[in-house]
Every structure is written in structure tokens, then in C-alpha cells.
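Participant: One predicted model, sequence on top.
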Amino acid sequence: MTAVLATEAVAAPPRTGRPGWAVMWRVELTKLLSQVKVRAALVACVVVPIVFTLLESTQSSVPGDTLFGRWVHESGFAVSLFLLAFTSQWGLPFLVAIVSGDVCSEEDRLQTWPLLLTRSRSRGDVLAGKVLAAASVTVAGTMLLAISSTLSGVLVVGTQPVVGLSGAVLSSGTALAATLASWLVVLPPVLAVVAIAVLASVVSRNSWAGVATPVVVTLGFGLVSQFSAADLVRPLLPTAGFDAWHGLVRTGVYTAPIRESMFVSAAWIAVCVGVSAAVLHRRDVVQ
Amino acid sequence: MKARHLLWPCAAAVTALSMGGCGAASVTQARVENSVAPAFAQLYAQQQRLLGKGAVPGAQASADCHRSTRGSGNTGAGDDWVCQLLLQVGGQPSGVYTYDLNVKANGCYTADGPQALVGGKSLTTPTGRSRVNPLFAFDGCFET
Amino acid sequence: MPAAVEVAGVTKRFGAVTALSDLDLRVGMGEVHGLLGPNGAGKSTLLRVLFGLVAPDAGTVALFGRDLREGTPEALAGVAGFVDRPHFYPYLTARRTLELLGAVDGGTPEGAVDRVLAEVGLADVAHRRVGRWSTGMVQRLGIAAALLRRPQLLLVDEPTEGLDPGGARDVLALMRRLAADGVTVLLSSHDMAEVDTVCDSATILSRGRVASRGSLAELRRAAPLGRHHLVTSDDDAARGMAARHGVHVFAHAQRGLAVEAGPAEMHEFICDLGRHDVSVVVLEQELSPLTALFFELTAA
């Protein structure tokens, strides 16, 4: 009789409730936010803009090579836009690397794939949870950067009008809207780099490779993009999307680069996540 | 999960490829001129406002840009772009300003102006405040 | 009624190495089945195949009648355990780990985490990060993580590895309790004594193939003679008497004699020694019959 009961128990349908990817999203989010390096990265997203703004306000010189650098003493919006331009190259790829670069290779390093894969969740759900968690924490970090940059700029320097990229002066209201929109518009390429990081993490099975790849790839794409010979290739690289906001902070707004960036980023995300899923699905877990 | 799961990513890649710019170079003489000229005119008006000279009616500029490196064909990114800007105020020619441009492949440039004509890095307003001189150097971006 | 585990014709190659070769295995409902074999025999690979961690190149695998090849996660419903050692995230506490694993399972009843922690004796350290734990504690947490799923089929690889004798005894007692509740257990082990105390039946693997299988009683019947170490007051006389009892005697590597005999013959022989004024100084079993069977089947 015990055996009959046992059969019934195992023949019972699996638990209803939230879909597998949503469950794994929450689990992976908890894991990410429990890690010191992720918490430190999120804290840095808040603190670094504040420190920069305070330090810069005491200097007489202004940062040279980056857009809006020359205006950082004149408008708080310029501070935010300068930080956007600067972190697009030097901050966001590192944020992606720290948050997303180890998301799959961690399981290889700790030998914990069996822990996740022997509990009635499909490999697709497990990967989806990791991708969504890496994406949401990275987006949260970017938004923290945006809010901290804009608030510290506005509070320390002020809400003065700012000279836009067409030479015309933008009123405070227009500048605020353009600044916030610009930070939002940088999200699609950020998510594309997240997808590249996840792919590197899955394929390399190595934490160092997973973390280094988004930084190296972003810098490499940026380098290639500087050459006119790369004119055909540049719009296809996810890094082109980091410049899309230039069309917003001006009179005579143009949005074609933003639309292009969304398509290109979506393509990169689809390919990277698709390949990651295929690789993970076929892998023999033999740690 | 087999080959069909790669179908969507491939379709997306093909779509993106066909949308990507095919054809002309991103940095052309026309694009540089059409961006620098109106920017300069507006920044000139801004400078005059800061100096307390009031609004400048009908400030306009036309630009004549070329690359100083031989054989570059006046297209493409480079730090050797030179623009002659002809300023017109109220329909009257008001001056010629020569700017050196460093134009990047993504359509953004930095223009360095003639210090003797436009002034130094900062200017002083009538109230005594020191402000950034908008004509000393400016950044701009155009669509590629 | 389907068997708990039904493996037919499973083959798995890793490059040039054949880990499993045309392997069949059947574990009935409620059985406690031992999986024996030396290192490299394929025990861990077989367990990985059962968990869906590794896909076989050929053959079928079914758990409770559900074919694993369909790749649906439901195939693992009611199945729990671990392969090799369990590993956990060092930055999470034990409690957090079990809560997360419970969430992965789709939710656990109130107090389930506390219950399994108590059952494996980890309630006091549940708040500590797993990164600092000893092997034995990690092993117990692995069992707790398996129990959290209220399994009907427990697949465990060397469950007493890394545990002190007290801990090992507790784990084996737990296996017996689960078996009494109707849980099917498949445990792989090096230790014949362990298998002897807990299992109803066993499969011996050698080089990816089944070398022998059956209930423990059947295996004992098929087993060669066990071996004892015997030191007497007069080893030469003992040697002389051995032949009369059908007992095989040869010199022991350390001192005295090595004796291979069935239990009945051994009994007669020892009694006879006493009757001829030969006293026994040392008598200890070195190889149980099952262990001897193990070595014989898995040797070169």
C-alpha cells in the first residue's frame, strides 16, 4: 500500500503558481544581491557621481575630452550629461562585468550547477532567471547612476540652462527632460552588453573570462568605431547605441539612432541569449 | 531545444543587418558644414548676450570646411578639419572666423576657435562673473 | 506499476573514454539499492544520467515510468539527492540556501526548512555562511537539501563521505527510516559494510558495465570465500589440519596465516584446532565474502 501511495504522490502534477522563469528570476536576484561585489557596485553607482560633483565644484579647471565637460561648472544638467558620456565608456561596462560577468561561470567555479539543475526546473528557466536577474540589477545600477548624477548636479551646481549639441541653449525644463531621456536611451546598449557578458560567462565557464569580456569587447568595439573605415560596421555594433542620446540634447532632435540602437541591441541580445541557451541545453554537467 | 531556437536570433540579426547603414561615409563635408555653421551663429549670439551686448538680430553663418591633409577627399573622421565661418549679422557680413575641428567617426566634433578674434577660455560678464566663453571651443554632434 | 528506476541499454562516452556501456538497471519501488564499484567504474556517471545532468549517447532512462529524454523538468518530480559531494554558495547562510532551494522547488510548507535542518543536526549553525563549513557539515546540508523535496526517490553518492563515525551512523539510520516510509533509495558506495547494513539489493559496476547484481542474499551466495587473518600457537599444525576441512590456508603477509573458508567450514576448523590443543591468538575477518566478490568482479 505504501508503494501505491508513493506512485500517486509522484504522479501528481507539478506545483502550479508562478512560471519557472519568474521563480528563477527571484532566486537569482536574491543570489546576486547577497554578494558583496554586487552590493559594492551598486553603492559605487550612488557614491561616485556625488564625489565627482563635489570634487569638481572645488576645481577651477574642467574635464576636457568628454562631451559637456566644459560646462560642468555652469549647469547641473551638464554634470549629469558629462557623467553619462564618461560612464558610457568607463563605468557601465565595468558595472555589467561585475554584475553579469560571473552569473553562469560562478556555477562552474563553485560546482553548483547540479544544485540548480536537479530540482525540476528546465535549463531554459534557469538561464532565463540568470539573464533577467543580471539585466535587472544592471538596469538598477544604471538608474542609480542617473539619479545620483542628476541630483548631485542639480543640488551642487544648479538647474541652469545648458548649451546643447546644436549650439543652441536649452532651457532648464528642456534640459532636464533631455537628460533623463538620455539616461533611459542608454539602456538598450547596456542590455546588449549584459547579453554578451552572459554568453561569455556560459561559454568560457571561467569567472575571469566572464568578467573581462564585456570590458574588453566594449573597449574593442569602441576602438574599431573610431575609424572611418568601419563606417559600415559601426551601426551594427552594440556600442553605437551609447551615442544615440546625442540626438536628444539639442534643438532639432533626431531619433533615428535611437531606433537603430533598439533594433541592433535586440538582435545582439537575441543571438547571445539564444546561443547561451543552446550551449547550456546540450552541456554534460560533469563537475 | 534544437535548431529552431536559433531561428529567432538569426532573424533578428538579419533584420538588424539590413537596417544598418549601407552606403555613404558617416562624416562628409556637407554634414560638417551644416552642423558647424548654425552652431557657431547661435553661440555667437549667446556670447554677445553674456557680454551684455543684448540680443543679436538675425545672426547667421555659413561654413566652408575642408581637411588639410592631402588626399583625404574632405570626408572621414580626423583632427585636420578646418572651417572658415562667415558670420552675418542683420544681413551684413560681420567677420570670418577660422576654426580647427577634430571630427570623430560617430559624428561628434570639437571646434577650437581663433583666440585673437573670439577671446579666451572664459569671459567676464558686466556683473563681474566669470563664465565659459562659448566661442573659444565648442562641441557638436551631427546625425550620421 | 512502474519501477522507481528503469535504465536500459545506456551508453555514455566522453571523447575516447567509455564511461557506461550498454548498462541496464532496475530499482523497484521502496527498494534500497546499493551501487558498488571502484573509482572509474561509472557510478557517478550513472547517477548523473539519472539526474539528467548528462545525456546518454544511447539507451533509455525512466524514473517512475517518466522518460527522462523528453527533457521536461517534471521527470525529476519526487527525485532528490546529489552526485559527488554537494556544493553550495559560500556567501549564503544554510537557512538562506534552503529557503532559496525551496523557492526553486516552487515553495515549501511552513517550517519545512527548520524541520530538515533539525533532522540532519544543523539547526544550531543554520545562520552561518556555508563558505566556512567543514566537509561533514556540507555533506549533511546536502542531505537536508534533498529531504526538503520530500523525495520518493533518493539518489545519493557516497552519503557518509567526510562524516565521522557518529555522523555516518546517523545518516545510515536516516536512510533506513526513509526506506521504512516507502522511499526508494539508490546509494553508491565504496564501503561494503555500509551497503550490507542498509541495502536490500546491489549492483556492482566495473568499467562501465554491470559485473553482478541481485539481492544481498543472492550476492552472498555467489560470493567467493571470505578471508580471515589467523594466528595460532602452532601455525604448522593448523596448516596440516586445514586440508581436512576444505579450508584454503596460506602465509599471511604480516604474520600467521590467511584463511579462506565458508562460514560453516571455518567454524569446524576452529573447533578442531581447539580439540587438538592449538589455541587461537588472533582471528579477524579481513574480507567479507561480499568484499571478496567485489574485488573479484572488479579486478583486472
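Facilitator: Done, it's in. Residues are numbered from 1 along each chain as shown, chains lettered A, B, ... in the order given.

Participant: How many neighbouring residues does residue C:106 have?
Facilitator: Look at residue C:106: counted by other CB atoms under 10 Å in any protein chain shown, it has 16 neighbours. (Each C-beta comes from the backbone N, C-alpha and C, glycine too.)

Participant: Same check on residue C:141?
Facilitator: By the measure other CB under 10 Å, the count of residues near residue C:141 is 23.

Participant: Ramachandran angles for the residue in the stretch 101-250 of chain A that chain B sits nearest to?
Facilitator: Distance from chain B to each residue of the stretch 101-250 of chain A (CB to the nearest CB) is smallest for residue A:167, at 2.9 Å. Dihedral pair for residue A:167: phi 90, psi -20, per degrees, to the nearest 10.

Participant: What of residue B:105?
Facilitator: phi -60, psi -20.

Participant: Tell me who's in contact with it.
Facilitator: Neighbouring residues of residue B:105 by CB atoms under 8 Å, 6 or more residues apart in numbering or on different chains: A:225, A:226, A:227, A:228, A:230, A:231, A:234, B:26, B:27, B:76, B:77.

Participant: In ChimeraX, how would I select the buried members of these?
Facilitator: Command for ChimeraX that selects the buried part of the contacts of residue B:105, burial taken from 16 or more other CB atoms under 10 Å in any protein chain shown:
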select /A:225,228,230,231,234 /B:26,27,76,77
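
Participant: Specify the beta-bridge partners of residue B:82.
Facilitator: Beta bridges link residue B:82 to residue B:66, residue B:100, judged by DSSP bridges.

Participant: Can you give me every residue that contacts it?
Facilitator: B:65, B:66, B:67, B:68, B:98, B:99, B:100, B:101.

Participant: The last one contacts residue B:110, correct?
Facilitator: It refers to residue B:101. Yes - between residue B:101 and residue B:110 a contact is recorded at 7.1 Å, counting by CB atoms under 8 Å.

Participant: Longest helix in chain A, please.
Facilitator: helix A:123-156 (DSSP state H).

Participant: That one near chain B at all?
Facilitator: Yes - counting by CB under 8 Å from any CB of the partner chain, chain B has neighbours in helix A:123-156: A:123, A:124.

Participant: Only the buried residues of that helix, if you could.
Facilitator: For helix A:123-156, by 16+ other CB under 10 Å, it's A:123-138, A:140-142, A:144-154, A:156.

Participant: just the CA coordinates of the longest helix that chain B contains, formatted as PDB?
Facilitator: When chain B is parsed with DSSP H, its longest helix is helix B:29-50. Below are the C-alpha coordinates for helix B:29-50, written out as PDB (Å, rounded to 0.1, in the frame of the first residue of the first chain):
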ATOM      1  CA  GLN B  29      31.900  67.800 -45.900                       C
ATOM      2  CA  ALA B  30      28.200  68.700 -46.200                       C
ATOM      3  CA  ARG B  31      27.300  67.300 -42.800                       C
ATOM      4  CA  VAL B  32      30.200  69.100 -41.100                       C
ATOM      5  CA  GLU B  33      29.300  72.400 -42.700                       C
ATOM      6  CA  ASN B  34      25.600  72.100 -41.900                       C
ATOM      7  CA  SER B  35      26.300  71.500 -38.300                       C
ATOM      8  CA  VAL B  36      29.100  73.900 -37.600                       C
ATOM      9  CA  ALA B  37      27.600  76.900 -39.200                       C
ATOM     10  CA  PRO B  38      24.300  77.200 -37.300                       C
ATOM     11  CA  ALA B  39      26.000  76.200 -34.100                       C
ATOM     12  CA  PHE B  40      28.500  78.900 -34.400                       C
ATOM     13  CA  ALA B  41      25.800  81.500 -35.200                       C
ATOM     14  CA  GLN B  42      23.900  80.600 -32.100                       C
ATOM     15  CA  LEU B  43      26.900  80.500 -29.900                       C
ATOM     16  CA  TYR B  44      27.900  83.900 -31.200                       C
ATOM     17  CA  ALA B  45      24.500  85.300 -30.200                       C
ATOM     18  CA  GLN B  46      25.000  83.600 -26.800                       C
ATOM     19  CA  GLN B  47      28.400  85.200 -26.300                       C
ATOM     20  CA  GLN B  48      27.000  88.600 -27.100                       C
ATOM     21  CA  ARG B  49      24.200  88.100 -24.600                       C
ATOM     22  CA  LEU B  50      26.800  87.100 -21.900                       C
END
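
Participant: That one - contacts with which helices or strands?
Facilitator: Here helix B:29-50 touches strand B:59-67, strand B:78-89, strand B:92-103, strand B:108-112, strand B:137-141, going by 3 or more CB pairs under 8 Å, 6 or more residues apart in numbering or on different chains; DSSP states H and E.
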